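Engineer: Here's a sequence, model it:
(one chain, ligands or ions: 1)
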Amino acid sequence: MAFDSLSEKLQNVFKNLRSKGRLTEADVKAALREVKMALLEADVNFKVVKGFIKDVQERAIGQDVMNGLNPGQMVIKIVNEELIRLMGSETTEIKLQPGSAITVIMMAGLQGAGKTTTTAKLAGKFKLKGKKPLLVACDVYRPAAIKQLEINGEKQGVEVFSMGNKNKPADIAKAAMEHAAKNGNNIVILDTAGRLHIDEDMMAELQEIKEAVTVHQTILVVDAMTGQDAVNVASSFNDKIGIDGVIVTKLDGDTRGGAALSIKAVTGRPILYVGMGEKLSDLEQFYPDRMASRILGMGDVLSLIEKAGAELDEEKAKKMADKMKKAQFDFEDYLDSMEQMRKMGGLSSIMGMMPGMGNMAGKMPDLDSEESEKKMAQMEAMIFSMTPEERRNPDLLNPSRKHRIAKGAGVDIADVNRMVKQFNESRKMMKKLPGLMGGKGGKRGRF
Ligand code: GDP
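Structural biologist: You can find the predicted model right below:
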């Protein structure tokens, strides 16, 4: 995850601060020097860091803090508040046209930033909100771009409008508007062509599109892995064509994350969403306060709860929790729980959001690896080879049944034995931990 190293460094600084009863001005200054180094190492823009430290220092050395009961905590609180402010304080929604009017969104960005992928991800979000988006293939240069958009559009169940690569992007956009009006689409998302670097042709083309159709929102997609460059790109685009917001992709990688911290301060434009993976569901709304608490290592419990709320089937989860409490968990439930975990983006994505677990998830790179995906698929194949009675009553599994299952799933009998053993152990553990799942009530109790 992005910010792991920054998070670790800040937590160390704060641990030292908290261990002191009283703070002198020199203590605060020394701590802030370390915060400054950590931010610079995370690739946060130099000017932004300077301003940030100045603001925190002014507040932290103020009377109230130094004379307060717990100065270490107060400094952390100030850093948290200033981090939130740096990222724009409020969550910014993409502004849609009122009523049934069509909102036109133009996606811009350099090649490889993740524009086409993000376009499809965004369409999925709108669809979930009951909108009827139309994706428009205006990238006529990159040979695979149109196909990529069509494939992703299909995956999202969203229509894609394309006219091949013989027409000008501005003409395609115009034709798409006519199509959208006839077709009842209320959001049109234009996937435009990127280039390897900022260049005049690209900007001119975006300008032409803007002249051909009324663009309500111009959204820039930047790649967090490019660090400071992402911020420079955002500035250039904003100066040349004007942008309304930014989506920062690839924050799931081991990027240092500085771009996400600098963009608002440098360009004045808010981050709308962040890309957290290659899958089409891996796009998260950007909450400055939650991001700050992630960075400070407080975990992002709120995001986790929301994710669970949106993607888990409440009814199923409750039933499962009941069964677990009574240790009646069977193979059908095992299948369900695997499915639900997958929906939430895998185990490491969940762990990254738990307080204090962020770093651990990074240290266990195998959690969502191909290897564990394979194991899960194998496990599913075995369960699918069971009869419904066997799934519901695992005690039926005698050696001859296990042989049949192994054959059906194309695995060794040893694999079946291992899985059944693992399953029995999980059941035993659940019996021992009655309070773990649903025992404390409320959503949190499920984790
Ligand atoms: P475009 O040239 O800007 O349209 O970029 P693409 O949409 O083709 O994306 C370039 C690459 O980045 C693809 O391999 C995507 O799967 C990948 N990508 C896009 N967004 C993310 C993200 O948030 N996380 C990760 N890990 N990969 C991403």
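Engineer: For the rest of this, base every contact and every neighbour count on C-alpha atoms.
Structural biologist: OK.
Engineer: three-state assignment of residue 189?
Structural biologist: strand (DSSP: H, G, I helix; E, B strand; the rest coil).
Engineer: residues in the stretch 301-447 of the chain within reach of the ligand, list them.
Structural biologist: The stretch 301-447 of the chain comes close to the ligand at no residue, as judged by C-alpha under 6 Å from any ligand atom.
Engineer: show me where pLDDT drops low in the stretch 301-447 of the chain?
Structural biologist: Within the stretch 301-447 of the chain, the stretches with pLDDT under 70 are 301-328, 340-370, 372, 429-447.
Engineer: element containing the nearest residue to residue 78 once chain neighbours are set aside?
Structural biologist: Distances taken as C-alpha to C-alpha, 6 or more residues apart in numbering place residue 56 nearest to residue 78, at 6.4 Å, with adjacent residues excluded. Using DSSP states H and E, residue 56 maps to helix 46-60.
Engineer: Touching that helix from outside, list them.
Structural biologist: Here helix 46-60 makes contact (C-alpha atoms under 8 Å, 6 or more residues apart in numbering) with 28-29, 32, 35-36, 39-40, 65-66, 74-75, 78-79, 82, 86, 262, 265-266.
Engineer: repeat that with 7 Å
Structural biologist: 32, 36, 39, 40, 75, 78, 79, 82, 262, 265 (C-alpha atoms under 7 Å, 6 or more residues apart in numbering).
Engineer: Now do the contacts for the fifth one.
Structural biologist: By C-alpha under 7 Å, 6+ apart, the residues touching residue 75 are residue 60.
Engineer: again with the fourth one
Structural biologist: With contacts taken as C-alpha under 7 Å, 6+ apart, residue 40 has the following neighbours: 46, 49.
Engineer: which element is it on?
Structural biologist: Short version, using DSSP H and E: residue 40 is in helix 25-41.
Engineer: Check the fifth one too.
Structural biologist: Using DSSP H and E, residue 75 maps to helix 71-86.
Engineer: That helix: what's the following helix or strand?
Structural biologist: strand 103-108.
Engineer: Helix 71-86 and the helix holding residue 40, what's the angle between them?
Structural biologist: Relative orientation of helix 25-41 versus helix 71-86 (axes from the mean of the first three to the mean of the last three C-alpha atoms, to 10 degrees): 40 degrees.
Engineer: Residue 91 against residue 286, yeah?
Structural biologist: Yes: look at residue 91 against residue 286 with C-alpha atoms under 7 Å: they come within range, at 6.2 Å.
Engineer: between the two, which one's more packed in?
Structural biologist: Using other C-alpha atoms under 10 Å as the criterion, residue 91 and residue 286 rank with residue 286 on top: 22 against 16.
Engineer: For the ligand, see how far away the more buried one is.
Structural biologist: 13 Å (C-alpha to the nearest ligand atom, to the nearest Å).
Engineer: going forward, begin numbering at 508 instead of 1
Structural biologist: Got it, first residue is 508 now, which makes that one residue 793.
Engineer: got the residue ranges for the strands in the protein?
Structural biologist: 610-615, 640-644, 666-668, 694-698, 724-730, 752-756, 778-782, 790-792 (DSSP state E).
Engineer: would TSV of the ones you listed with mean pLDDT be doable?
Structural biologist: Converted to TSV, the strands of the chain look like this (pLDDT from 0 to 100):
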stretch	mean pLDDT
strand 610-615	98
strand 640-644	98
strand 666-668	97
strand 694-698	98
strand 724-730	97
strand 752-756	97
strand 778-782	97
strand 790-792	95
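Engineer: The ligand contacts on the stretch 608-757 of the chain?
Structural biologist: Residues of the stretch 608-757 of the chain lying near the ligand (C-alpha under 6 Å from any ligand atom): 617, 618, 619, 620, 621, 622, 623, 624, 756, 757.
Engineer: Would you point out which residue is most central in this protein?
Structural biologist: residue 783 (3.4 Å; C-alpha atoms, centre = their mean).
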